[in-house]
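Participant: everything below, folded, please.
(chains A and B, ligands or ions: 5)
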Amino acid sequence: MSYYLATKKELIDWIQRLAAENQLYFPEKHGEASYRFNRVGPKSEIQFDRYIPTVVPPVKLLVPAREELLRFRTDAEGKTEVQPSLDTSFRVIAGVRSCDLKGISLMDLFFKDGVPDAYYLARRENTAIIGYSCNTPCDESAFCAAVDSLDHTEGADVYVTPVKEGDLLVEVKTSLGEKLTAGVDWKKCEDPEARRIGAVTARPEPFGRSFPAPLPDTMKIVADKYQSAVWEKHVKRCFSCGTCNLVCPTCYCFDVVDDLNLDAASGNRSRSWDGCMLPHFAEVSGGHNFRAEPAARQRHRVNRKFTYLPEKYEHGAVCVGCGRCGRQCTSHIDIFDIVTDLIQEGSR
Amino acid sequence: MKPKVAFFDFSSCEGCQLAILNCEDILLDILNLVDLVEFRMALTETAPRYDVAFVEGSIHRDEDIERILDIRARSTYLVALGACACIGNVQARSNFVAPAVNYGEIYGEEARNRVQVDPDYWDLWSHTRVRPIDAIVKVDAYLRGCPIVPREFLHLVKSLLQGTQPFFPPNAVCVDCKMNENECVLERGLTCMGPVTWGGCDSICINSGYVCDGCRGTLPHANVEAHIELMREHNIDDRDIRSRYRLFMGAEPIGRGV
Ligand code: SF4
Ligand code: SF4
Ligand code: SF4
Ligand code: SF4
Ligand code: SF4
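Facilitator: Numbering: from 1, shown residues only, chains lettered A, B, ... in the order given. Ligands and ions are numbered 1, 2, ... in the order given. Next comes the predicted model:
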């Protein structure tokens, strides 16, 4: 573990150098009011001053919206040859905020569970992450502090914290991080812990939105409120458009399809993002749908974040508070408001 | 035996058949596997039966009704090809204007009167009876969009040849849109038919900087009430909202009702 104090310019120059030699992704301005993790080229702007969580989280670089999993071909003798399509190219994702870092840590947990997902792991093992700590809430939708993700640093190879006007504390956390920072001529930092604590205590309090109950109580309330009028309230406006799933850094569901070529002997298998808010998600053969009503789907989504997955993985909330779902819901439905309503509904 | 495939058109621009001709790289392979018995008006409609009939265009006249019933009766599997056949398309906008008004505006007072009183001109009233083909006959599969999406056409053809069930997920255009990581046009103060519209088009209109106009028709679960409310929040007045719904969806219950 190495600690440095770098200036903003030094950090940006370093990222640009890395980008010249590697596939490097950084959140760039996109459209009127959004950001997107783009491949950095010579013309890209690297800056840390303005940011709100990107349209879709950086996890898209580990599980793309659509990806080929394998190709198959059966020859004349009936022997089938299968060729997996693994992507092992090395890449760097820089400017990953704590909410998304936690999202990636959770995805690591999910995709390693059971039969480890070779496709995810092939990408993950060849990805370096440079994290960046927020010292002010990105916007009014964020509630990362309320779900304990604001100080999440695990999963980063290098983690950067702005400590004082102009100064950046650079923590090199892994051997891959050491490799990426080899040769930098930044000032060594002798008192990283004190600097970090200084930065944390200088943050506004409360940081972003907070629930009207502490997190463990909040989670218990969500779990207890399986029957609640709140589930009906917000979905009145819901389009079941799935945006809230697709933009969530901890939603991992996908759909797998086989596509057979016209020769009926070869083809490929691919997967694409899916989401539990989509109407046919829980439909099974014969046409039965386990969650035909939007309210049932909404309840399921919220419970996945606050009850089911936390219980399964013995983890805190699986919502990282990035605010993407609320920010981008076409109908302003916000998981924060749903959970707040559940808390405020009173015990039954 | 190769399946017998036929193409028919009603009121349309034939752009969807053109979209199929544009699938050059795989079209010849398909043609080797099927027996194309009728294509456009090039061949006469005489084959006794079709395994698969692709029908393009919307239904307007009484003759159209007779013809589509006949095609249906001779087809095992009938596909609505493109927005005109699936939902009526833009021409259904004329359903909302009395022909006399249109003819008066374009050809003057005399035409306005004639179209009303002269039985020889009453056929022109068919312009106010634009319907999708499923208003008349049962449709087995819908290839949506104006024009259709070649990928969906190939999926359908392959599924039929391989004896599997073609599947077009009933997902909103928003799904394609997020997969393409577009900034939602609502962020730019615009409104969009995407949340109530059948996806599968790869959100091409939004990708290229425009909004979704709903050419693929409304989803079965479309929350129209919420969508109208959303448009109102964006200060779109009710007249314009109605117009948005009638651009492509005028012949759908939703467009008719708004
Ligand atoms: S983004 Fe909003 S409208 Fe779309 S499914 Fe989620 S809650 Fe419903
Ligand atoms: S549920 Fe919403 S706020 Fe929570 S992690 Fe997912 S997108 Fe972010
Ligand atoms: S949600 Fe929190 S951690 Fe994520 S970008 Fe906003 S302030 Fe930073
Ligand atoms: S731009 Fe339209 S299709 Fe895309 S997310 Fe927004 S409402 Fe949906
Ligand atoms: S974005 Fe909308 S208008 Fe454009 S092709 Fe898709 S459904 Fe049609």
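Participant: got the residues of the stretch 201-348 of chain A near ligand 3?
Facilitator: Taking CB under 6 Å from any ligand atom, the part of the stretch 201-348 of chain A that reaches ligand 3 is made up of A:321-323. In short, each C-beta sits where N, CA and C put it, glycine included.
Participant: the closest residue to residue A:225 other than its chain neighbours in helix, strand or coil?
Facilitator: Among residues not flanking residue A:225 along the chain, residue A:342 sits closest, at 4.8 Å (CB to CB, 6 or more residues apart in numbering or on different chains). Three-state assignment for residue A:342 (DSSP: H, G, I helix; E, B strand; the rest coil): helix.
Participant: next one: residue A:169
Facilitator: strand.
Participant: returning to what we had before: kindly indicate which of the residues of the stretch 201-348 of chain A next to ligand 3 lies nearest ligand 3.
Facilitator: Using CB to the nearest ligand atom, residue A:322 comes nearest to ligand 3 of these, at 4.6 Å.
Participant: measure that closest one to residue A:58 for me?
Facilitator: Distance, residue A:322 to residue A:58, using CB to CB, to the nearest Å: 11 Å.
Participant: just residue A:7 next, same as before
Facilitator: Taken as CB to CB, the span from residue A:7 to residue A:58 is 25 Å.
Participant: settle it for me: which of these two has more neighbours?
Facilitator: Comparing residue A:7 with residue A:58 by neighbour count (other CB atoms under 10 Å in any protein chain shown), the higher total belongs to residue A:58, at 24 against 13.
Participant: let me see the contact set for the more buried one.
Facilitator: Neighbour list for residue A:58: A:25, A:37, A:93, A:96, A:100, A:104, A:249 [criterion: CB atoms under 8 Å, 6 or more residues apart in numbering or on different chains].
Participant: buried set for stretch B:84-96?
Facilitator: B:84-95 (16 or more other CB atoms under 10 Å in any protein chain shown).
Participant: equivalent analysis for stretch A:256-264, please.
Facilitator: Across stretch A:256-264, burial judged by 16+ other CB under 10 Å covers A:260-262.
Participant: next one: stretch A:143-160
Facilitator: A:143-147, A:149-150, A:152-153, A:155-160.
Participant: so which of those sit within helices?
Facilitator: The subset of the buried residues of stretch A:143-160 located in helices under the criterion DSSP state H is empty.
Participant: do you know the pLDDT at residue A:348?
Facilitator: Note on residue A:348: pLDDT of 50.
Participant: ok so, going back, among the contacts of residue A:58, name the ones in strands.
Facilitator: Per DSSP state E, strands hold the following members of these: A:25, A:37, A:93, A:96.
Participant: so which of those also contact ligand 5?
Facilitator: The subset of the ones in strands among the contacts of residue A:58 within reach of ligand 5, by CB under 6 Å from any ligand atom, is empty.
Participant: show me which of the residues you listed is closest to chain B.
Facilitator: residue A:37 (8.7 Å; CB to the nearest CB).
Participant: OK, contacts around residue B:155?
Facilitator: A:259, B:166, B:168.
Participant: what count of nearby residues applies to the residue nearest to the last one when sequence neighbours are not counted?
Facilitator: Spatial nearest neighbour of residue B:168, chain neighbours left out: residue B:200 (5.8 Å); criterion: CB to CB, 6+ apart. Other residues near residue B:200 come to 21 when the count uses other CB under 10 Å.
Participant: give me the number of residues near residue 242?
Facilitator: I'll assume chain A. If you count neighbours by other CB under 10 Å, residue A:242 ends up with 25.
Participant: could you do chain B instead?
Facilitator: Around residue B:242 there are 16 residues (other CB under 10 Å).
Participant: in which helix or strand would I find residue A:271?
Facilitator: strand A:266-273 (DSSP states H and E).
Participant: tell me the helix or strand right after that strand.
Facilitator: Counting by DSSP H and E, what follows strand A:266-273 is helix A:294-303.
Participant: can you give the contact residues for that next one?
Facilitator: Helix A:294-303 is contacted from outside by A:222-223, A:226, A:231-232, A:234-235, A:238, A:240, A:244-245, A:276-277, A:279, A:281-282, A:290-291, A:333, A:335, A:338-339, B:221, using CB under 8 Å, 6+ apart.
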